[in-house]
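S.K.: Attaching a predicted model along with its sequence, questions to come.
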Amino acid sequence: MNSIHDDSMVLAGDIGGTKTDLGLFVRGKTRPRLKIAETYSSLDADRPEDIIEKFLRKHEVPVGGACLGIAGPVINGRCRTTNLPWEVSETGIMDRFKWKKVRLINDLKAAALSIPLLNSRELLRLNRARAPRGRNLGLIAPGTGLGTALLIHREGGYHAVPSEGGHVDFSPNNQDQVELWRFLHKRLGHVSVERVLSGPGLLNIYAWMRSTGRYREPEWLPKEMEKLDPAVITHGALGRKDPLCISVVKMFVSVLGAVSGNLALTAMTTGGIYLGGGIPPRIVSLLEQGYFMEAFTDKGRFRNLLEKIPVKVIMNQKAALMGAARCALEL
């Protein structure tokens, strides 16, 4: 058991469909300063309170406030998670741990709160566009699911706005994407963007491409795919240079570019689009090859506008945790 004594310590959480990050932070000079962080499997827990209790048994510390970013819509301090069978509430957490200050926010809102705090070493540029400060920003984050959020500039600062934009309709842009939509519609009914732009989305694209018979499936791939691990596809594309896996990830990247461009137009995020989540940092080399930016700017008469919008990949995998800590320190 680790014992830490700091009256200003806050607990931050980034609770996703696959893993949960918890961290203890104190106030730093320019942004929350991380003292200790642990990662747990979300799938192995019956509720997030159990994960928090396990963390606090290891790190005994008085908590001055807590903020948990969680993957799902948060309404009146309550959340029914999208990809886990959990119902979570601020009052439930306060009662369990006897805390007076608890805030539950959408995980993409937590990630968005971190964006103004990130430095250049934590961001990778996909284009050379630069924008003046004081413009709206957009965030899109494919991982276990797909999340989107906005940072709306007002009164000299940014206001983070969560959304459930990952569940809007998938809109195909070419014949291959139309065929993919038909394949998924037959299987799933409603086809949201998340059904394509997520870890399970990579598996969906793979299943469709394999069904077309256009590619010869390598001998090693079927056995590996039994794990239902999307990393098998990204590794096959980047490590093994397999044509089928490369085609899957290229389609993923193109759809991500198109959806990011839609978000930029919808909210006029002329200050920049940020790519978060677990997948973009792992496929940077393919994001840099041009498929993403071509789809991002392919908006007819508005190509010129989109070419002027900076696009950056968030490389700090603890960004959402830092955003939740910022929220906790402001309680």
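M.R.: Happy to help now that I have it.

S.K.: Residues in contact with stretch 218-232: which ones?
M.R.: 199-200, 202-203, 206, 236, 240, 242, 244-245, 279, 282 (C-beta atoms under 8 Å, 6 or more residues apart in numbering). C-beta: built from backbone N, CA, C; applies to glycine.

S.K.: Quick one: distance of the helix or strand hosting A12 to the chain centre.
M.R.: When secondary structure is defined by DSSP states H and E, A12 falls within strand 10-15. How far strand 10-15 lies from its chain's middle: 15 Å, per C-alpha atoms, centre = their mean, to the nearest Å.

S.K.: Also stretch 233-250?
M.R.: Averaged over its C-alpha atoms, stretch 233-250 has a centre that lies 21 Å from its chain's centre (C-alpha atoms, centre = their mean).

S.K.: Just the mean pLDDT for stretch 67-87, thanks.
M.R.: Averaging the model's pLDDT scores along stretch 67-87 yields 93.

S.K.: So which bits of that stretch are buried?
M.R.: The neighbour-count check on stretch 67-87 (16 or more other C-beta atoms under 10 Å) flags 67-72, 74, 77, 79, 81-84, 86 as buried.

S.K.: on that earlier part again, sheet-wise, list the partners of the strand holding A12 with their directions.
M.R.: strand 19-26 (antiparallel), strand 65-70 (parallel) (DSSP bridges).

S.K.: if we can go back for a sec, drop anything exposed from the contacts of stretch 218-232.
M.R.: So, of these, 199-200, 202-203, 206, 236, 242, 244-245, 279, 282 end up buried under the neighbour-count rule (16+ other C-beta under 10 Å).

S.K.: Could you work out the most separated pair of those residues?
M.R.: In terms of C-beta to C-beta, the buried ones among the contacts of stretch 218-232 reach their longest pairwise distance at P200 and D242, which sit 19.9 Å apart.

S.K.: all helices of the stretch 51-200 of the chain, in order?
M.R.: Assignment of helices within the stretch 51-200 of the chain using DSSP state H, counting those that start in this stretch yields the ranges 90-97, 107-114, 175-188, 199-212.

S.K.: Spit out the contact partners of G261.
M.R.: Under the criterion of C-beta under 8 Å, 6+ apart, the contact list for G261 reads 295-299, 306.

S.K.: whoops, A37 was the one
M.R.: A37 neighbours (C-beta under 8 Å, 6+ apart): 21-24, 318, 321.
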